[in-house]
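In: Structural data only, the sequence is not supplied:
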């Protein structure tokens, strides 16, 4: 139905055309789900944009053909292409909240999508929209139709997007990272919907993702891209059982997988000196240190936010953190998992005293820091460091790397030779020494996260809080950073509070686990025990929702029941 | 110096040269004037360009070129001075308005709103009415008039920057508020302020000309470009070039300032540096 032959896409630049996608060919037949897998920069999104003629202005197709039901899409003009888009080919984007128009109700947007392609009355279109939402098992469709995008959760917005995409019964749906911004349990539901719609409507789906687990769940066939080239194409079972290409093998290896704990994740080597993995002093990593007494103890910590949704609305109380107690032994890692909105970030901000707790104690090395004044807290701060989620946001774009890493030293003093210390830290996180003179925008996401880690380590802290520190990174880069964190923990005797929504990452790095839901800790215990035999229903649901390669979904749910 | 100029974009180099000339003339202008700019000659009223008077004469027969040359000084001083005053106070108020204690920022931002509600010309009229008119008071008045604009921009940009994780990171390291303001906030809100400053210089020149036109700014017989444009309006049908010359000078200067402003913004932002 769709056949892409020798597609090449290049970017215009000062030095001529830079080829970005080279000679990509694949076929997609009706009703099939094709997974297009690759890391960021692999050209997977660009390929899909090339197929539907939505390339950015400075990019153009340099060679190849895209034939959709006998028509060469590349020869169509803008108007013909527009007719085709939405009616026969639909797209679902990564960030559902951003791709809906904030000033119209969701209902209006679905109705508009229906009416764009069919000449029917508003009432009829409304009934169809409700029917679509019902088919996606949206609770109370009438209310959702009346709501604006910001009033709905990410999962609900993605369902609206899907409803809009399938409204015109398209033959082809291109889904670009449709579940990446969603929680595991919501991801599960959205994947279910996509799969069912694929069966009911008979649409072919081109699923673009970096997540091999997602591909395993619903794809029939898989193609793997890297560096703008198509490396491998095979059926799902083939690619996961017998990957042919080295890159595919490495990608599968680098992914932390539930139930398969390894000391180190294999790392995909990449060209270029700047991205070289860290040079280790000895071949074998230093042995992990023995756990000590608790370094951090949180007792009955609570925080309530008052929310006023409108001028006349009643102030609502929102208990973000509800009587949370936990403790981390020295030189160990506590993994804090939970879905978005469960209060895990609020908790980390409370421990960092970026927000003031309502009640409870935070014992750091035995001293309660929950109520200390900022002045009394100052000496404590040098012992607690934080690595933030977004490596693009946590570094001040106006400061050079040198200045960024020296910041804690400037604030707290006590380091005589700062340039030397910065050089040591750059070594420790595996960045070249000349990195200090550059600015953050000159680095990739993984490198920036290394800079952020170097900054956190500047004053030899004893506790490092990692808030979703690897969530924004590609699988192979994530593996590098996770390995780095593990090495540094042994080398500098660090204790981690590792916050993540990704259970497989948490399992990989943690000694103990705390599962958080709606502001409360529902389950804590040693990592092995929790992942082997979860006691709480919620933990079981979370674990069952994680896509796992090699285990079919039905089996997974049965196994856990 | 020449090398430095050559390496810049041509428009930027030209603007830099033009601005340098404007500033130089502001300082030594009176020495360059071919005629006495105050000398009234009733027989030479409203003449077009001629070998004697390159740019013609005005309604009192005074040499236009001479008046343009000495008119730079008040124009440039008022515009630059007012912009510096507005930028300094406005940025300070805006950052405090976003970052300061709740009550203080409430007070600041509501005062800014009240000031913004006044039409600038009315506010300037009021203030000039109380004080003597002259370069210094014009500078102060126009500076105050444009302070709220800077305050608003600084406040909204600061609020945005404060949401960024790097500000949280500074706080988590225990950075003092002063450090956060000067290292994290100020450098990151500079771009919109720079753009506003170039716009304000242009607007200040226009407001100065408006006030001078109303007789509340630079008092005749002292010339300023704005005042000349204001007067020339009445003689548009007799001597159109009387309006064109000061307006051209004004337009070129404002354009040059805008180009330099854009260039400075790019230069200050490491992300846009080549």
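Out: That came in fine, so what should we check first? Bear in mind that the values here come from a model prediction, so they are computed numbers and not experimental data. Residues are numbered from 1 along each chain as shown, chains lettered A, B, ... in the order given.

In: can you list the weak-confidence ranges in the stretch 251-400 of chain A?
Out: A:259-263, A:266-290, A:308-313 (pLDDT under 70).

In: So which residues of it form strands?
Out: A:294-307, A:316-329, A:333-337, A:359-364, A:367-368, A:384-387 (DSSP state E, counting those that start in this stretch).

In: Same list (those) but as CSV, adding mean neighbour count and distance to chain B.
Out: (C-beta placed from N, C-alpha, C; glycine too.) What follows is the strands of the stretch 251-400 of chain A, written out as CSV (neighbours: other C-beta atoms under 10 Å in any protein chain shown; distance: least, C-beta to the nearest C-beta, whole Å):
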stretch, mean neighbour count, distance to chain B
strand A:294-307, 17, 14
strand A:316-329, 18, 16
strand A:333-337, 26, 17
strand A:359-364, 18, 14
strand A:367-368, 12, 16
strand A:384-387, 26, 5
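
In: will you turn those into CSV that also has distance to residue A:180?
Out: Output for the strands of the stretch 251-400 of chain A, formatted as CSV (distance: least, C-beta to C-beta, whole Å):
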stretch, distance to residue A:180
strand A:294-307, 27
strand A:316-329, 25
strand A:333-337, 18
strand A:359-364, 33
strand A:367-368, 40
strand A:384-387, 21
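
In: Is there any residue in the strand or helix carrying residue B:72 that contacts chain A?
Out: Assigned by DSSP states H and E, residue B:72 belongs to helix B:64-99. No: residues of helix B:64-99 contacting chain A under C-beta under 8 Å from any C-beta of the partner chain: none, with a closest distance of 14.7 Å.

In: helices or strands up against that helix?
Out: helix B:10-32, helix B:102-117, helix B:135-163, helix B:186-213, helix B:225-232, helix B:240-268 (3 or more C-beta pairs under 8 Å, 6 or more residues apart in numbering or on different chains; DSSP states H and E).

In: what is the orientation angle of the last one with helix B:10-32?
Out: Meaning helix B:240-268. 130 degrees (axes from the mean of the first three to the mean of the last three C-alpha atoms, to 10 degrees).

In: again with the shortest one
Out: Here helix B:225-232 points in a direction 80 degrees away from that of helix B:10-32 (the same axes, to 10 degrees).

In: tell me which residues of helix B:225-232 are tucked away?
Out: B:225-232 (16 or more other C-beta atoms under 10 Å in any protein chain shown).

In: One more: stretch A:193-203?
Out: A:193-194, A:197-198, A:203.

In: Now do it: distance to the chain's middle.
Out: 25 Å (C-alpha atoms, centre = their mean, to the nearest Å).

In: Repeat that for stretch B:93-104.
Out: Worked out by C-alpha atoms, centre = their mean, stretch B:93-104 lies 26 Å from the chain centre.

In: what's the answer for stretch A:120-134, then?
Out: On the basis of C-alpha atoms, centre = their mean, stretch A:120-134 sits 34 Å off its chain's mean C-alpha point.

In: Please apply the same query to stretch A:476-486.
Out: So, by C-alpha atoms, centre = their mean, the centroid of stretch A:476-486 is 15 Å from its chain's centroid.

In: Flag the shaky bits of chain A, pLDDT-wise.
Out: In chain A, residues with pLDDT under 70: A:259-263, A:266-290, A:308-313, A:550-561.

In: near chain B, which residues of it?
Out: Looking at chain B, the residues of chain A close enough under C-beta under 8 Å from any C-beta are A:352, A:354, A:374, A:377-378, A:381-382, A:384-386, A:388-390, A:393-400, A:407-408, A:410-412, A:439, A:441, A:452, A:455.

In: Skipping adjacent residues, who's closest to residue B:55 in space?
Out: Once flanking residues are discounted, residue B:55 sits nearest to residue B:64: 4.1 Å by C-beta to C-beta, 6 or more residues apart in numbering or on different chains.

In: What of residue A:144?
Out: residue A:138 (5.5 Å).

In: before we move on, what about residue A:148?
Out: Per C-beta to C-beta, 6+ apart, closest to residue A:148 is residue A:105, 5.7 Å.

In: ok so, going back, which of the buried residues of stretch A:193-203 fall within helices?
Out: Residues from the buried residues of stretch A:193-203 lying in helices, with DSSP state H as the criterion: A:193-194, A:197-198.

In: picking that back up, which of the residues of chain A next to chain B are buried? Put it as a PyMOL command.
Out: Applying 16+ other C-beta under 10 Å to the residues of chain A next to chain B leaves a buried subset, and the PyMOL line that selects it is:
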select buried, chain A and resi 352+377+381+382+384+385+386+388+389+390+393+394+395+396+397+398+399+400+407+408+411+412+439+452+455
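
In: The helix holding residue B:72: how far from the chain's middle?
Out: 5 Å.

In: and the angle from it to helix B:240-268?
Out: 40 degrees.

In: Buried ones in the helix or strand that contains residue A:483, by neighbour count?
Out: Assigned by DSSP H and E, residue A:483 belongs to helix A:475-492. By neighbour count on 16+ other C-beta under 10 Å, the buried set for helix A:475-492 is A:475-489.

In: packing partners for the helix or strand just after that helix?
Out: For helix A:475-492, the succeeding helix or strand toward the C-terminus, using DSSP H and E, is strand A:495-500. Applying 3+ C-beta pairs under 8 Å, 6+ apart, we find strand A:495-500 packed against strand A:294-307, strand A:316-329, strand A:333-337, helix A:344-351, strand A:463-467, helix A:475-492, helix A:503-509.

In: So which residues make contact with the second one?
Out: Where contact means C-beta atoms under 8 Å, 6 or more residues apart in numbering or on different chains, the residues beyond strand A:316-329 that reach it are A:291-309, A:334, A:336, A:343, A:346-347, A:350, A:357, A:360, A:463, A:495, A:497, A:511-512, A:514, A:516, A:518-521, A:524.

In: which residues sit in contact with the residue nearest to residue B:55?
Out: Contacts of residue B:64 (C-beta under 8 Å, 6+ apart): B:53, B:55-58, B:242, B:245.

In: repeat that with 6 Å
Out: Listed by C-beta atoms under 6 Å, 6 or more residues apart in numbering or on different chains, the contact partners of residue B:64 are B:55-56, B:58, B:245.

In: Now do it against chain A, distance only.
Out: 47 Å (C-beta to the nearest C-beta, to the nearest Å).

In: If I look at that residue, what pLDDT would I see?
Out: Here, the pLDDT recorded for residue B:64 equals 84.

In: Which part of the stretch 1-150 of chain B gets nearest to chain A, residue-wise?
Out: residue B:101 (13.7 Å; C-beta to the nearest C-beta).

In: For burial, what's the neighbour tally of that residue?
Out: 9 (other C-beta atoms under 10 Å in any protein chain shown).

In: And it, its phi and psi?
Out: When quoted as degrees, to the nearest 10, the phi and psi of residue B:101 stand at phi -60, psi 150.
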